[in-house]
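Trainee: take this sequence and fold it.
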Amino acid sequence: MTAAEFTTVWPVLRFDAIDSTNSEARRRAEGGDFGSCWLSAARQTAGRGRLGRSWDSPVGNLSATALFRFAGSPVDAALACFAAGLAVIDAVNAAGVDSSGLRLKWPNDVLLGEAKVAGILIETGGRAGALWMAAGFGVNIAVAPKREDRETASLGELPGGAGLTPERYLSLLDAAFRSRMARLVADGFGPMRADWLSRAAHIGRRVELTPATGRIEGIVRDLAADGALVLELPDGSLHNVRAGEISVLS
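Mentor: Next up is the predicted model:
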């Protein structure tokens, strides 16, 4: 895969309503259609996020998935979530909206304070020896859906955010995401890691994670060269976590 593959604007296929743009991307890819394109829905009836969670998708917010052939390795594919998170903020800046309060929660949420503004779901698969990627974006633009399990916020609450539409935001996100992916391919993860750390939430905070191996508690110290979260454990040792959900303790 070369950076040049991300230079052309991707067409947008729009749906009034659909179960999930990521699910539609998977159906298309498994049928042999690898994009490159965006699948965008005014409303999702079965939107989903990481770890099998549901994602509320009211009209006025962005529900969109980039579907494209990905010629990198599965290790490279795992780093796409960092490119996607940064692209969300890049597009906010391009829209003239104040992004100064936005932060990135490892591995792939965009926060305003502790309130979730955007979530990203990266899925990959293979067919006939080729790898495809579906990068799903759920961005609260006009509405911050009420959730019992988390705080939420929307871009419309930010200075300059009034009147921002999903259509305009997606056109900016297309350019931002393709640019971030091109830079990841051309320059490796180092520069992107630095950019991500400059926006990282929870550095220096005590957190717990619940990966498959069991609960881990520690202080967030860094982002490793492979995208793992670096925790300082209670005994002072450093431990790299590659999967899990963060809960802030203090």
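
Trainee: show me what contacts the closest residue to Ser250 other than its chain neighbours?
Mentor: Nearest residue to Ser250, sequence neighbours excluded (CB to CB, 6 or more residues apart in numbering): Arg206, at 4.6 Å. C-betas here are computed from N, CA, C, even on glycine. Each residue near Arg206 by CB atoms under 8 Å, 6 or more residues apart in numbering is listed here: 217-219, 248-250.

Trainee: closest one to Arg48 out of those residues, please.
Mentor: Val248 (23.9 Å; CB to CB).

Trainee: contacts for the longest helix anywhere in the chain, please.
Mentor: Criterion DSSP state H: the longest helix present in the chain is helix 166-187. The contact list for helix 166-187 (CB under 8 Å, 6+ apart) reads 1-7, 9-10, 12, 38, 40, 42, 60-64, 66, 72, 76, 79-80, 83-84, 86-88, 90-91, 94-95, 135, 137, 139, 141, 155, 191-192.

Trainee: now, of the contacts of Arg206, which are buried?
Mentor: Among these, those buried by neighbour count (16 or more other CB atoms under 10 Å) are 218-219.

Trainee: of the contacts of Arg206, closest to Ser20?
Mentor: Val248 (28.7 Å).

Trainee: doesn't Val207 make contact with that closest one?
Mentor: Yes - shown here, Val248 and Val207 form a contact pair, counting by CB atoms under 8 Å, at 5.4 Å.

Trainee: need the residues touching each of the two.
Mentor: With CB under 8 Å, 6+ apart, Val248 and Val207 have no common neighbours.

Trainee: Arg26: what's it in contact with?
Mentor: By CB under 8 Å, 6+ apart, the contact list for Arg26 reads 123, 125, 134.

Trainee: report the buried residues of the longest helix of the chain.
Mentor: Buried residues in helix 166-187, defined by neighbour count with 16+ other CB under 10 Å: 166, 169-185.

Trainee: can I get the CA coordinates of stretch 213-229 in PDB?
Mentor: Only the C-alpha atoms of stretch 213-229 are listed here, as PDB (Å, rounded to 0.1, in the frame of the first residue of the first chain):
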ATOM      1  CA  THR A 213      -6.500 -11.400  31.000                       C
ATOM      2  CA  GLY A 214      -8.200  -9.600  34.000                       C
ATOM      3  CA  ARG A 215      -8.400  -6.300  35.700                       C
ATOM      4  CA  ILE A 216      -5.300  -4.100  35.600                       C
ATOM      5  CA  GLU A 217      -4.800  -0.900  37.600                       C
ATOM      6  CA  GLY A 218      -2.100   1.700  37.000                       C
ATOM      7  CA  ILE A 219      -1.100   5.200  35.900                       C
ATOM      8  CA  VAL A 220      -1.200   6.100  32.200                       C
ATOM      9  CA  ARG A 221       2.400   7.000  31.200                       C
ATOM     10  CA  ASP A 222       2.800   6.700  27.500                       C
ATOM     11  CA  LEU A 223       1.800   5.200  24.100                       C
ATOM     12  CA  ALA A 224       4.100   2.500  22.900                       C
ATOM     13  CA  ALA A 225       5.600   2.300  19.400                       C
ATOM     14  CA  ASP A 226       3.000  -0.400  18.500                       C
ATOM     15  CA  GLY A 227       0.000   1.500  19.900                       C
ATOM     16  CA  ALA A 228      -0.100  -0.200  23.200                       C
ATOM     17  CA  LEU A 229      -1.000   1.800  26.300                       C
END
